[in-house]
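can't give you the sequence, but here's the structure:
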């Protein structure tokens with residue numbers, strides 16, 4: 001009887017191995033992509049992540065001959081959209097825009113996913129962050145803002161994406177330097193932008209590309225850029241490091257799939273995205289986004305970049 005059970009168990013194990021191998025072989029042999037690929041944006045419509053997805057999705061259709069329908073899933077600083085991605089099969093038919101603010105959640109001890117749960121297919125955008133004020137704001141310079149924030153701790157309000165984000169880390173760093181403000185989180189990009197234009201907050205933490213329309217129409221202006229150097233498009237705006245604030249945490253936007261996705265499918269997506277990034281339309285988009293022209297990293301470089309960013313974020317994360 002025991003011998004029969006052993007033989008039966010061995011047979012089950014062999015069948016399971018054969019089935020797994022068959023599924024893997026079938027995935028490898030199937031033409032990819034043979035159907036639409038869901039493109040998850042863990043944010044509301046209208047923001048930078050949404051703009052990236054809609055443009056790259058359109059350009060990918062021409063490269064891979066299938067559609068990339070965009071699905072907006074806002075909430076929890078990107079966590080809700082990431083949960084949707086991680087609930088999908090690791091077959092390359094679901095991918096998501098993954099940005100620095102979502103990545104910052106992994107710097108917390110109770111993160112809902114880990115860096116090993118996803119594979120970066122490509123890094124598409126790298127750009128610095130700024131503090132913006134409305135054109136008619138009483139803060140003409142960063143020095144004005146800094147002075148009032150120090151004199152009245154917690155009085156000034158800054159619109160952010162949410163707690164646990166890059167915005168939060170940067171403002172927490174400034175608080176430790178005596179510049180204490182009150183964060184006002186807005187999950188929807190449009191609400192953040194209107195908040196500063198309508199005077200509901202005193203400043204907005206954002207990337208220049210996301211508010212390009214307001215910069216061009218002269219409704220907003222930056223007062224500080226977070227990074228080592230001044231940004232070429234805003235030469236009169238000081239950088240954080242020149243002012244003695246050693247904080248940068250540049251924004252990045254990448255595209256990820258679930259870990260376990262067949263390598264050949266990751267390679268196919270990454271190769272197509274490389275062609276997208278080299279196109280004239282995408283290069284124009286980078287300029288409009290005030291992003292670095294050398295932003296693109298393929299799947300062979302993306303993982304190391306994303307890990308390095310997480311290391312920086314853990315060093316900057318507030319100790320609460």
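Everything's here; your move. Given the structure is predicted, the values throughout are model-derived calculations rather than measurements. Numbers count the residues shown, from 1 in each chain.

which element is the nearest residue to residue 177 once chain neighbours are set aside on?
The shortest distance from residue 177 to any non-neighbouring residue, by Cβ to Cβ, 6 or more residues apart in numbering, is to residue 245 (6.4 Å). (Glycine included, C-beta is placed from N, CA and C.) Using DSSP states H and E, residue 245 sits within no helix or strand.

Measure how buried residue 245 is and give me the count.
Neighbour count for residue 245, taken as other Cβ atoms under 10 Å: 18.

Verify the contact between it and residue 174 for me.
Yes. With contact defined as Cβ atoms under 8 Å, residue 245 reaches residue 174; the gap is 6.7 Å.

ok, now which ones touch residue 112?
Neighbouring residues of residue 112 by Cβ atoms under 8 Å, 6 or more residues apart in numbering: 79, 82-83, 105.

now for these, which pair is the farthest apart?
Largest separation among these by Cβ to Cβ: 83 and 105, giving 11.6 Å.

Compare those two (neighbour count), which wins?
residue 105 (21 against 16).

Can you give me the pLDDT of the more buried one?
Looking at residue 105, its pLDDT is 89.

Is it in a helix, a strand, or coil?
Using DSSP: H, G, I helix; E, B strand; the rest coil, the structure places residue 105 in helix.

number of nearby residues for residue 198?
When neighbours are defined as other Cβ under 10 Å, residue 198 has 9 of them.

is it true that residue 158 lies in a strand?
Yes. Per three-state DSSP, residue 158 lies within a strand segment.

hang on, it packs against residue 168?
No. Using Cβ under 8 Å, residue 158 makes no contact with residue 168, being 10.2 Å away.

Between the two, which contacts overlap?
Both residue 158 and residue 168 are contacted by residue 183, under the criterion Cβ under 8 Å, 6+ apart.

Now that residue 229 has come up, it's in contact with residue 239, right?
Yes. Applying Cβ under 8 Å, one finds residue 229 in contact with residue 239, separated by 5.5 Å.

who has more neighbours, those two?
Taking other Cβ under 10 Å, residue 229 and residue 239 do not tie; residue 239 has more neighbours (19 against 11).

Of all residues in the protein, which one is nearest the centre?
residue 99 (0.8 Å; Cα atoms, centre = their mean).

Would you confirm that that one contacts residue 252?
Yes. With contact defined as Cβ under 8 Å, residue 99 counts as touching residue 252 (6.7 Å).

Share the number of residues neighbouring residue 205, please.
Other residues near residue 205 come to 24 when the count uses other Cβ under 10 Å.

Quick check: it vs residue 55, distance?
Using Cβ to Cβ, to the nearest Å, residue 205 is found at 24 Å from residue 55.

Now do the SS call for residue 205.
Secondary structure state of residue 205, per three-state DSSP, is strand.

Might you report the residue contacts of it?
Residue 205 is in contact with 129-131, 158-161, 167, 170-171, counting by Cβ under 8 Å, 6+ apart.

Let me have those in a markdown table, extended by distance to residue 296, neighbour count and pLDDT.
Putting those into a markdown table (distance: Cβ to Cβ, whole Å; neighbours: other Cβ atoms under 10 Å; pLDDT from 0 to 100) gives the following:
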| residue | distance to residue 296 | neighbour count | pLDDT |
| --- | --- | --- | --- |
| 129 | 20 | 26 | 94 |
| 130 | 22 | 27 | 97 |
| 131 | 27 | 27 | 98 |
| 158 | 31 | 25 | 98 |
| 159 | 29 | 24 | 97 |
| 160 | 27 | 25 | 94 |
| 161 | 24 | 27 | 86 |
| 167 | 25 | 28 | 91 |
| 170 | 25 | 22 | 93 |
| 171 | 29 | 23 | 95 |
